[in-house]
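Enquirer: okay, sequence plus prediction incoming.
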Amino acid sequence: MKLGIYGGTFNPPHLGHLAAARFALDALELDELWFVPAATPPHKVLPADGPTPEQRMAMVELAADGLLLPGRVKVSDLELSRPGKSYTADTLEQLHARYPDAELWFLMGTDMFLTLQNWREPEVITRLAGICTFARTQSDSGEMLSIQAEYLQKTFGARTCVLQLPHIVDVSSTRLRELLAKGEGREYLSPAVYGHIIRNRLYGVDYDLRHLPDRELRACSYSMIRAKRIAHIQGTEQEAVQLARRWGADEESARRAAILHDCTKYLDMDEQLQLCAKYGIVLDELEQQAVKLLHSKTGACVARDVYGVSDAVYEAIFWHTTGKADMTLLEKILYIADYMEPTRDFPGVERLRELAYQDLDAAVCLGCEMSIQEMKERGLPVHPNTVKARDWLRKSNGKEP
Ligand SMILES: Nc1ncnc2c1ncn2[C@@H]1O[C@H](COP(=O)(O)OP(=O)(O)OP(=O)(O)O)[C@@H](O)[C@H]1O
Ligand SMILES: O=C(O)c1ccc[n+]([C@@H]2O[C@H](COP(=O)([O-])O)[C@@H](O)[C@H]2O)c1
């Protein structure tokens, strides 16, 4: 196995780190790339009021997940779970002991590469891993890197590889922290990392979560879910706003409901139940067993309590999974937008898409019917509210349930 190790303080992780990691993965033909956040970087003092190592780790996990290469890109807590300073030689010793046959490559930008001889036990580092470096700024000269590569080869017998990144993101975490404190710099962050920073009020970023602009609300939402779901949230937002325009509902409410509708989707059963207890959500028998049915209820509570959404938006999120009898316009819009947004692909979705713009009630009714059939085919219990929603819509359409 060829394993790339990308160590860093990541305070915070930025697009420069991600661009380098993405390129190195293919350029070095790595089987896996591991980000290894340092608990206590050996060579620099961290600002006292900054995030904890666990918060930096959480941000690196969001950034790494955003590369959408699960299985190939991982985040390791090796240094967080080791006491004392996070020396690279110790990390490589641990990795070598665990994977004796792996070919290790340690990745680093120019600044680190040029000072490698001053690290603790550079001879151990260069014995255990190849050193892969890349320029961080346009002004980092290739010649300078080649001279240092030659020096490391001669002095330590190091294996080195100098990569030419096709796209240099000229930013450092230090500069980014300065920008963030002034309300700037989000363009250097993945939206999910930016959302994590907003939610945790890091680096002097101080938004009122109950009155966030749309862009910041999106970032918060994306920081609460897995990156692979972001396209679905974006599709639902786009569809919900178009449907609101078509049917005369409040566009901003549709947008906010869509942005937040899955914000608790990735919580496990215990976390869901804790939120249910916190917000006094009473669960029926089916809901007590089906974790999938809980996120709409807990998500609605979080959206209202933390992000200050209106009661109408709260209700739309609350009912978006099962539907119910006598739904409001906004509830119908979120239900059907979630069902047939552009990334959805299943037999019958085109019919739903057409119908949603011709006859909203008929589309919601068909959506409920399709859900009921699917649950039956999979041998799963159908929630009574979905049956009630379908029957209500049939009746109001003049058809008997
Ligand atoms: N913009 C960038 N492009 C490519 N590599 C980078 C970039 N920024 C940092 N690196 C490299 O990523 C690794 C981890 O860097 P680190 O977490 O310290 O971020 P940083 O931006 O260098 O922070 P600081 O401002 O504290 O120097 C180092 O090897 C560093 O050289
Ligand atoms: O082990 C050392 O002596 C040593 C000295 C300087 C830097 N490092 C590692 O180099 C990586 C990049 O550091 P930094 O400050 O750019 O985040 C990070 O994993 C550090 O722990 C390691």
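Expert: Yep, that arrived. Numbering: from 1, shown residues only. Ligands and ions are numbered 1, 2, ... in the order given.
Enquirer: and Pro401, what pLDDT?
Expert: pLDDT recorded at Pro401 is 56.
Enquirer: for stretch 306-316, measure first residue to last.
Expert: Using Cα to Cα, to the nearest Å, one end of stretch 306-316 lies 16 Å from the other.
Enquirer: for that stretch, the averaged confidence score.
Expert: Mean per-residue pLDDT for stretch 306-316: 98.
Enquirer: and if you look at stretch 237-250?
Expert: Averaged across stretch 237-250, pLDDT comes to 98.
Enquirer: then stretch 203-218?
Expert: Here the average pLDDT along stretch 203-218 is 98.
Enquirer: give me the contact list for it.
Expert: With contact meaning Cβ atoms under 8 Å, 6 or more residues apart in numbering, stretch 203-218 is reached by 12, 50-51, 177, 180-181, 183, 191, 194-195, 197-199, 220, 233, 237, 255-256, 259-260, 306-308. Backbone N, C-alpha and C define where each C-beta goes, glycine included.
Enquirer: now do that stretch: distance to the chain's middle.
Expert: Stretch 203-218 sits 17 Å away from the centroid of its parent chain (Cα atoms, centre = their mean, to the nearest Å).
Enquirer: buried sites along it?
Expert: Judged by neighbour count using 16 or more other Cβ atoms under 10 Å, the buried positions of stretch 203-218 are Tyr203, Val205, Tyr207, Leu212, Glu216, Leu217, Arg218.
Enquirer: what are the boundaries of the helices in the stretch 301-401 of the chain?
Expert: For the stretch 301-401 of the chain, the helices defined by DSSP state H, counting those that start in this stretch cover 311-318, 329-340, 349-358, 360-377, 384-396.
Enquirer: so which of these is the most packed in?
Expert: With neighbours taken as mean count of other Cβ atoms under 10 Å, these reach their highest mean count in helix 329-340, at a mean of 25.
Enquirer: need the helices of the stretch 301-401 of the chain in a markdown table (columns: distance to Gln274).
Expert: Putting the helices of the stretch 301-401 of the chain into a markdown table (distance: least, Cβ to Cβ, whole Å) gives the following:
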| stretch | distance to Gln274 |
| --- | --- |
| helix 311-318 | 18 |
| helix 329-340 | 25 |
| helix 349-358 | 35 |
| helix 360-377 | 27 |
| helix 384-396 | 23 |
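Enquirer: of the ones you listed, give the one that comes closest to ligand 2.
Expert: Among the helices of the stretch 301-401 of the chain, the nearest to ligand 2 by Cβ to the nearest ligand atom is helix 311-318 (39.5 Å).
Enquirer: packing partners of the closest one?
Expert: helix 251-260, helix 295-305, helix 329-340 (3 or more Cβ pairs under 8 Å, 6 or more residues apart in numbering; DSSP states H and E).
Enquirer: quick revisit: mark which of the buried residues of stretch 203-218 are part of helices, please.
Expert: Using DSSP state H, the members of these that fall in helices are Glu216, Leu217, Arg218.
Enquirer: near ligand 2 too, which of those?
Expert: Contacts with ligand 2 within these, counted by Cβ under 6 Å from any ligand atom: none were found.
Enquirer: closest one to Pro42 out of these, please.
Expert: For those, the closest approach to Pro42 (Cβ to Cβ) belongs to Glu216, at 35.4 Å.
Enquirer: re earlier: can I get the helices of the stretch 301-401 of the chain in CSV including distance to ligand 2?
Expert: Below are the helices of the stretch 301-401 of the chain laid out as CSV (distance: least, Cβ to the nearest ligand atom, whole Å):
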stretch, distance to ligand 2
helix 311-318, 40
helix 329-340, 41
helix 349-358, 46
helix 360-377, 48
helix 384-396, 51
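Enquirer: show me the protein divided up by domain.
Expert: Domain ranges of the chain: 2-164, 236-396, per automatic domain parsing.
Enquirer: how long is the shortest one end to end?
Expert: Terminal residues of domain 236-396 are spaced 26 Å apart (Cα to Cα).
Enquirer: tell me which residues touch the residue nearest the centre of the chain, please.
Expert: Nearest to the mean C-alpha position of the chain, counting by Cα atoms, centre = their mean, stands Ala227 at 4.0 Å. By Cβ under 8 Å, 6+ apart, the contact list for Ala227 reads Leu62, Asp65, Gly66, Leu67, Leu68, Ala192.
Enquirer: can we see that at 7 Å?
Expert: Applying Cβ atoms under 7 Å, 6 or more residues apart in numbering to Ala227 gives the contacts Asp65, Gly66, Leu68, Ala192.
Enquirer: can you map out the strands along the protein?
Expert: Counting by DSSP state E, the chain has strands at residues 2-8, 32-37, 73-75, 103-109, 129-134, 160-163.
Enquirer: just give the strands next to the fourth one in its sheet, each with its orientation.
Expert: Pointing back at strand 103-109 there. strand 2-8 (parallel), strand 129-134 (parallel) (DSSP bridges).
Enquirer: anything in the first one near ligand 1?
Expert: Right, the one you point to is strand 2-8. Yes. Using Cβ under 6 Å from any ligand atom, strand 2-8 reaches ligand 1 at Gly8.
Enquirer: so Pro59 sits against Pro13, correct?
Expert: Not quite, residue 59 is Met, not Pro. Yes. Here Met59 reaches Pro13: they are 5.5 Å apart, a contact under Cβ atoms under 7 Å.
Enquirer: show me whatever sits in contact with both of the two.
Expert: By the contact definition Cβ under 7 Å, 6+ apart, Met59 and Pro13 are jointly contacted by Val193.
Enquirer: now list the buried members of the contacts of stretch 203-218.
Expert: The neighbour-count test (16+ other Cβ under 10 Å) marks 12, 50-51, 177, 180, 191, 194-195, 197-199, 220, 233, 237, 255-256, 259-260, 307 as buried among the contacts of stretch 203-218.
Enquirer: rewinding a little: quick one, which of the helices of the stretch 301-401 of the chain is nearest to Leu145?
Expert: Among the helices of the stretch 301-401 of the chain, the nearest to Leu145 by Cβ to Cβ is helix 329-340 (49.9 Å).
Enquirer: just give me the closest of the ones in helices among the buried residues of stretch 203-218 to Arg159.
Expert: Lowest distance from Arg159 to these (Cβ to Cβ) belongs to Arg218, with 43.3 Å.
Enquirer: since that was my last question, I'll sign off now.
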